[in-house]
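> Sharing a model prediction with you, sequence too.
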Amino acid sequence: MDSITLSCTFLLSIVFLSCITEAVTYNVINFGAIPDGKTDATHAFLKAWASACNSGSGSGSGSTIYVPKGTYMIKAAKFQGPCKDRIDVQIDGNLVAQSPVDYSGEAGNPGYWILFIKVDRLRVIGGTLDGKGAGFWECESSGQNCPTRARSMTFNWVNDVVIDGLTSINSQLMHLVINSCSNVIVQNVKIIAPELSPNTDGIHVQSSTRVTITESNIQTGDDCISIGPGTTNLLMDRIHCGPGHGVR
(Lines give C-alpha, C1' and ligand atoms only; values in the text may rest on other atoms or scores of the structure.)
Protein backbone atom coordinates (compact mmCIF):
# COMPACT_ATOMS: atom_id res chain seq x y z
CA MET A 1 0.00 0.00 0.00
CA ASP A 2 2.80 2.38 0.88
CA SER A 3 4.50 1.87 -2.50
CA ILE A 4 1.24 2.52 -4.34
CA THR A 5 0.67 5.71 -2.36
CA LEU A 6 4.18 6.92 -3.15
CA SER A 7 3.71 6.20 -6.86
CA CYS A 8 0.45 8.13 -6.97
CA THR A 9 1.95 11.04 -5.12
CA PHE A 10 4.87 11.12 -7.51
CA LEU A 11 2.53 10.99 -10.51
CA LEU A 12 0.40 13.81 -9.15
CA SER A 13 3.51 15.88 -8.60
CA ILE A 14 4.50 15.44 -12.23
CA VAL A 15 1.03 16.41 -13.46
CA PHE A 16 0.99 19.48 -11.22
CA LEU A 17 4.45 20.53 -12.38
CA SER A 18 3.37 20.11 -16.01
CA CYS A 19 0.33 22.30 -15.41
CA ILE A 20 2.21 25.17 -13.84
CA THR A 21 4.89 25.23 -16.55
CA GLU A 22 2.63 24.95 -19.60
CA ALA A 23 2.64 28.05 -21.81
CA VAL A 24 -0.59 30.04 -21.98
CA THR A 25 -1.93 30.93 -25.44
CA TYR A 26 -3.68 34.21 -26.25
CA ASN A 27 -5.67 34.07 -29.48
CA VAL A 28 -6.11 37.55 -30.99
CA ILE A 29 -9.62 36.64 -32.17
CA ASN A 30 -10.65 36.25 -28.53
CA PHE A 31 -9.62 39.88 -28.03
CA GLY A 32 -11.80 41.11 -30.89
CA ALA A 33 -9.66 40.77 -34.01
CA ILE A 34 -11.69 40.11 -37.17
CA PRO A 35 -9.72 38.42 -39.99
CA ASP A 36 -11.42 40.18 -42.90
CA GLY A 37 -8.51 42.41 -43.96
CA LYS A 38 -10.62 45.55 -43.46
CA THR A 39 -11.60 45.87 -39.80
CA ASP A 40 -8.98 47.56 -37.62
CA ALA A 41 -7.47 44.83 -35.42
CA THR A 42 -4.79 46.99 -33.80
CA HIS A 43 -6.45 47.25 -30.40
CA ALA A 44 -7.08 43.50 -30.26
CA PHE A 45 -3.41 42.75 -30.97
CA LEU A 46 -2.28 45.23 -28.31
CA LYS A 47 -4.67 43.75 -25.73
CA ALA A 48 -3.38 40.24 -26.48
CA TRP A 49 0.18 41.51 -26.08
CA ALA A 50 -0.59 43.18 -22.75
CA SER A 51 -2.12 39.97 -21.40
CA ALA A 52 0.82 37.84 -22.57
CA CYS A 53 3.42 40.34 -21.39
CA ASN A 54 1.95 40.52 -17.90
CA SER A 55 1.53 36.77 -17.48
CA GLY A 56 4.11 34.18 -16.50
CA SER A 57 6.33 33.71 -13.51
CA GLY A 58 9.71 34.10 -15.18
CA SER A 59 10.20 30.33 -15.06
CA GLY A 60 10.67 30.14 -18.84
CA SER A 61 7.30 28.57 -19.70
CA GLY A 62 6.24 31.84 -21.30
CA SER A 63 3.15 32.81 -23.28
CA THR A 64 2.07 32.50 -26.90
CA ILE A 65 0.17 35.09 -28.92
CA TYR A 66 -1.61 33.22 -31.68
CA VAL A 67 -2.75 34.79 -34.95
CA PRO A 68 -4.97 32.26 -36.81
CA LYS A 69 -5.36 32.05 -40.57
CA GLY A 70 -7.01 35.03 -42.18
CA THR A 71 -6.06 38.63 -42.98
CA TYR A 72 -5.79 41.26 -40.28
CA MET A 73 -5.46 44.99 -40.88
CA ILE A 74 -3.45 46.70 -38.21
CA LYS A 75 -2.21 50.26 -37.90
CA ALA A 76 1.11 51.32 -36.36
CA ALA A 77 1.50 49.24 -33.18
CA LYS A 78 4.11 49.29 -30.41
CA PHE A 79 4.57 46.03 -28.50
CA GLN A 80 6.54 47.10 -25.46
CA GLY A 81 8.27 45.32 -22.60
CA PRO A 82 9.76 44.43 -20.29
CA CYS A 83 7.59 41.34 -19.91
CA LYS A 84 7.41 38.83 -17.08
CA ASP A 85 8.43 35.86 -19.22
CA ARG A 86 9.31 34.89 -22.77
CA ILE A 87 6.74 35.43 -25.53
CA ASP A 88 6.15 33.52 -28.77
CA VAL A 89 4.20 35.27 -31.52
CA GLN A 90 2.86 32.51 -33.77
CA ILE A 91 1.41 33.97 -36.97
CA ASP A 92 -0.55 31.66 -39.26
CA GLY A 93 -2.35 34.55 -40.96
CA ASN A 94 -1.48 37.68 -42.92
CA LEU A 95 -1.01 41.17 -41.49
CA VAL A 96 -1.72 44.11 -43.79
CA ALA A 97 -0.96 47.80 -43.32
CA GLN A 98 -3.07 50.77 -44.31
CA SER A 99 -2.78 52.20 -47.82
CA PRO A 100 -2.13 55.97 -48.22
CA VAL A 101 -5.78 56.75 -48.92
CA ASP A 102 -6.75 55.25 -45.56
CA TYR A 103 -4.88 57.96 -43.66
CA SER A 104 -7.48 60.65 -44.27
CA GLY A 105 -7.80 62.74 -41.12
CA GLU A 106 -4.97 60.86 -39.37
CA ALA A 107 -1.44 61.99 -38.52
CA GLY A 108 0.14 59.18 -40.53
CA ASN A 109 2.85 56.70 -39.62
CA PRO A 110 5.29 57.32 -36.75
CA GLY A 111 8.02 55.78 -38.96
CA TYR A 112 7.26 52.21 -37.91
CA TRP A 113 4.45 49.78 -38.54
CA ILE A 114 5.10 46.90 -36.11
CA LEU A 115 7.55 47.73 -33.32
CA PHE A 116 8.90 45.46 -30.57
CA ILE A 117 10.77 47.44 -27.95
CA LYS A 118 12.59 46.51 -24.73
CA VAL A 119 11.61 42.85 -24.80
CA ASP A 120 13.75 39.86 -23.83
CA ARG A 121 13.20 36.27 -25.00
CA LEU A 122 10.94 36.78 -28.00
CA ARG A 123 10.14 34.52 -30.95
CA VAL A 124 8.22 35.63 -34.06
CA ILE A 125 7.23 32.58 -36.08
CA GLY A 126 5.66 32.41 -39.53
CA GLY A 127 3.15 34.76 -41.07
CA THR A 128 3.14 37.31 -43.89
CA LEU A 129 3.48 41.07 -43.57
CA ASP A 130 2.11 43.20 -46.41
CA GLY A 131 3.26 46.80 -45.99
CA LYS A 132 1.11 48.07 -48.90
CA GLY A 133 4.13 50.01 -50.11
CA ALA A 134 3.07 50.46 -53.74
CA GLY A 135 0.51 53.13 -52.91
CA PHE A 136 3.09 55.12 -50.95
CA TRP A 137 5.69 54.93 -53.73
CA GLU A 138 3.14 56.05 -56.31
CA CYS A 139 1.93 58.88 -54.08
CA GLU A 140 5.46 60.22 -53.61
CA SER A 141 6.39 59.90 -57.28
CA SER A 142 3.32 61.97 -58.19
CA GLY A 143 4.48 64.82 -55.97
CA GLN A 144 1.47 64.70 -53.64
CA ASN A 145 1.51 65.35 -49.92
CA CYS A 146 1.77 61.76 -48.69
CA PRO A 147 1.78 60.05 -45.28
CA THR A 148 5.17 59.14 -43.81
CA ARG A 149 6.38 55.73 -44.92
CA ALA A 150 7.01 53.07 -42.27
CA ARG A 151 9.44 50.22 -41.66
CA SER A 152 7.48 46.95 -41.56
CA MET A 153 8.92 45.30 -38.43
CA THR A 154 11.40 46.90 -36.05
CA PHE A 155 13.18 45.48 -33.02
CA ASN A 156 14.59 48.10 -30.63
CA TRP A 157 16.51 46.97 -27.53
CA VAL A 158 15.32 43.39 -27.90
CA ASN A 159 17.54 40.56 -26.63
CA ASP A 160 17.42 36.82 -27.30
CA VAL A 161 15.07 36.95 -30.27
CA VAL A 162 14.29 34.45 -33.04
CA ILE A 163 12.55 35.48 -36.27
CA ASP A 164 11.70 32.29 -38.13
CA GLY A 165 9.70 31.67 -41.31
CA LEU A 166 8.43 35.22 -41.70
CA THR A 167 7.49 36.61 -45.14
CA SER A 168 7.52 40.37 -45.74
CA ILE A 169 6.27 41.88 -48.99
CA ASN A 170 6.09 45.44 -50.30
CA SER A 171 7.36 47.23 -47.23
CA GLN A 172 6.96 51.00 -47.44
CA LEU A 173 10.59 51.36 -46.31
CA MET A 174 12.96 48.79 -44.76
CA HIS A 175 11.40 45.39 -44.12
CA LEU A 176 13.17 44.29 -40.92
CA VAL A 177 15.19 46.58 -38.64
CA ILE A 178 17.35 45.22 -35.82
CA ASN A 179 18.52 48.10 -33.66
CA SER A 180 20.39 47.95 -30.34
CA CYS A 181 19.71 44.23 -29.96
CA SER A 182 21.77 41.21 -28.92
CA ASN A 183 21.52 37.46 -29.57
CA VAL A 184 19.30 37.60 -32.65
CA ILE A 185 18.57 34.74 -35.06
CA VAL A 186 16.84 35.48 -38.37
CA GLN A 187 16.18 32.33 -40.38
CA ASN A 188 14.03 31.08 -43.23
CA VAL A 189 12.65 34.53 -44.01
CA LYS A 190 11.42 35.67 -47.40
CA ILE A 191 11.51 39.36 -48.27
CA ILE A 192 10.08 40.67 -51.56
CA ALA A 193 9.64 44.12 -53.08
CA PRO A 194 9.85 45.32 -56.72
CA GLU A 195 13.29 45.97 -58.16
CA LEU A 196 12.68 49.73 -58.40
CA SER A 197 10.93 50.20 -55.07
CA PRO A 198 12.73 52.99 -53.13
CA ASN A 199 14.58 52.38 -49.87
CA THR A 200 13.15 48.92 -49.33
CA ASP A 201 16.21 47.36 -47.66
CA GLY A 202 15.53 43.77 -46.69
CA ILE A 203 17.21 43.62 -43.28
CA HIS A 204 18.96 46.55 -41.60
CA VAL A 205 21.21 45.87 -38.60
CA GLN A 206 22.71 48.60 -36.45
CA SER A 207 24.17 48.99 -32.94
CA SER A 208 23.60 45.25 -32.40
CA THR A 209 25.77 42.25 -31.56
CA ARG A 210 25.63 38.49 -32.09
CA VAL A 211 23.17 38.58 -34.99
CA THR A 212 22.82 35.55 -37.29
CA ILE A 213 20.94 35.73 -40.60
CA THR A 214 20.65 32.42 -42.43
CA GLU A 215 18.69 30.42 -45.02
CA SER A 216 16.81 33.47 -46.34
CA ASN A 217 15.64 34.80 -49.70
CA ILE A 218 15.76 38.59 -50.12
CA GLN A 219 14.55 40.36 -53.28
CA THR A 220 14.24 44.13 -52.88
CA GLY A 221 14.75 47.49 -54.53
CA ASP A 222 17.60 48.42 -52.21
CA ASP A 223 20.19 46.60 -50.09
CA CYS A 224 19.42 42.98 -49.29
CA ILE A 225 21.16 43.44 -45.96
CA SER A 226 22.44 46.84 -44.80
CA ILE A 227 24.90 47.11 -41.94
CA GLY A 228 24.82 50.25 -39.82
CA PRO A 229 27.32 51.60 -37.30
CA GLY A 230 27.91 49.81 -34.01
CA THR A 231 27.28 46.33 -35.43
CA THR A 232 29.53 43.50 -34.18
CA ASN A 233 29.56 39.71 -34.51
CA LEU A 234 27.21 39.57 -37.50
CA LEU A 235 27.04 36.20 -39.28
CA MET A 236 25.35 35.84 -42.68
CA ASP A 237 25.06 32.43 -44.29
CA ARG A 238 23.10 30.93 -47.20
CA ILE A 239 21.45 34.18 -48.26
CA HIS A 240 19.88 34.39 -51.73
CA CYS A 241 20.07 38.07 -52.72
CA GLY A 242 18.67 39.71 -55.84
CA PRO A 243 17.39 41.88 -57.21
CA GLY A 244 18.89 44.40 -54.85
CA HIS A 245 22.13 46.16 -54.07
CA GLY A 246 23.75 43.28 -52.21
CA VAL A 247 25.15 43.45 -48.69
CA ARG A 248 26.78 46.65 -47.54
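Everything's here; your move.

> Now do whichever strand or helix holds Tyr26: which elements does it pack against?
Taking DSSP states H and E as the definition, one finds Tyr26 inside strand 24-27. Other helices and strands packing on strand 24-27, by 3 or more C-beta pairs under 8 Å, 6 or more residues apart in numbering; DSSP states H and E, are helix 42-53, strand 63-67. For every residue, glycine as well, the C-beta is placed using N, CA and C.

> Parallel or antiparallel, list what pairs with the shortest one.
The reference is to strand 63-67. Neighbouring strands of strand 63-67 in its sheet, by DSSP bridges, are strand 24-27 (parallel), strand 87-91 (parallel).

> Next, the angle from the longest one to helix 42-53.
Using axes from the mean of the first three to the mean of the last three C-alpha atoms, to 10 degrees, the inter-axis angle of strand 87-91 relative to helix 42-53 is 140 degrees.

> Just the residues contacting strand 87-91, thanks.
23, 49, 52-53, 62-67, 119, 121-128, 166 (C-beta atoms under 8 Å, 6 or more residues apart in numbering).

> go on, the shortest one?
Counting by C-beta under 8 Å, 6+ apart, the neighbours of strand 24-27 from elsewhere in the structure are 48, 51-52, 55-56, 63-66, 68.

> Kindly recompute the last result at 7 Å.
Taking contacts as C-beta atoms under 7 Å, 6 or more residues apart in numbering, the residues outside strand 24-27 that touch it are 48, 51-52, 55, 63-66, 68.

> Next, give me the two most distant ones among these.
Greatest spatial distance in the contacts of strand 24-27: Ser55 and Pro68, 19.7 Å, computed using C-beta to C-beta.

> Which one of those two is surrounded by more residues?
Neighbours were tallied for Ser55 and for Pro68 using other C-beta atoms under 10 Å; the higher tally belongs to Ser55 (17 against 14).

> And the helices in this structure?
2-21, 42-53, 133-141 (DSSP state H).

> can you tell me how far Ile65 sits from Ala50?
10 Å (C-beta to C-beta, to the nearest Å).

> Next: Val189.
Computed with C-beta to C-beta, the distance linking Val189 and Ala50 is 27 Å.

> The two - which one has more neighbours?
Neighbour comparison, Val189 and Ala50: the larger count goes to Val189, with 23 against 15 (by other C-beta under 10 Å).

> okay, the strands paired with strand 63-67, which one's buried deepest?
With neighbours defined by mean count of other C-beta atoms under 10 Å, none of the strands paired with strand 63-67 is more surrounded on average than strand 87-91, at a mean of 22.

> Tell me the spacing between Ile203 and Ile91.
With distances taken as C-beta to C-beta, Ile203 is found 18 Å from Ile91.

> Could you do Gly60 as well?
Separation of Gly60 from Ile91 (C-beta to C-beta): 22 Å.

> just Asp102 next, same as before
If you go by C-beta to C-beta, the gap between Asp102 and Ile91 works out to 22 Å.

> what about the chain, any weak spots by pLDDT?
1-22, 57-59, 104-108 (pLDDT under 70).

> hmm, try it at 50
Per-residue confidence of the chain (counting by pLDDT under 50) places the weak regions at 1-20.

> hey, what's Tyr66 bridged with?
For Tyr66, the residues forming beta bridges with it (DSSP bridges) are Asn27, Gln90.
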